[in-house]
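Participant: Return a 3D structure for these sequence lines:
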Amino acid sequence: MLSFLSNTRVYVAVGQTDLRKSFDTLAEAVRSSLQLDPLSGHLLLIDGMRASGRSEQSSR
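Facilitator: Next comes the predicted model:
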């Protein structure tokens, strides 16, 4: 079970993000698109996209 401080916020990034990028690149995406500090202690949920060239059936 996870516990958080009462002032912790949860942010959800809508859209697809290439999670193969470096931490610094993803942190900059948070700064530029969400205008948030990625080290603020809040939760940032990012949707990763499937690798190109894969079909739905091949991932099963």
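Participant: Specify the strand with the largest residue count in this protein.
Facilitator: If you go by DSSP state E, the chain has its longest strand at strand 10-17.
Participant: Average pLDDT for that one, rounded please.
Facilitator: If you average the pLDDT over strand 10-17, you get 83.
Participant: Name the strands paired with that strand and say parallel or antiparallel.
Facilitator: strand 43-48 (parallel) (DSSP bridges).
Participant: quick revisit: any idea how far the longest strand of the chain is from the chain center?
Facilitator: Distance of strand 10-17 from the chain centroid (CA atoms, centre = their mean, to the nearest Å) equals 6 Å.
Participant: Just grab the bridge partners of the residue nearest to the spatial centre of the chain for me.
Facilitator: Nearest to the mean C-alpha position of the chain, counting by CA atoms, centre = their mean, stands Ile46 at 2.2 Å. Beta-bridge pairing for Ile46 (DSSP bridges): Ala13.
Participant: gap between it and Asp37?
Facilitator: 15 Å (CB to CB, to the nearest Å). For glycine as for every other residue, the C-beta is placed from the backbone atoms N, C-alpha and C.
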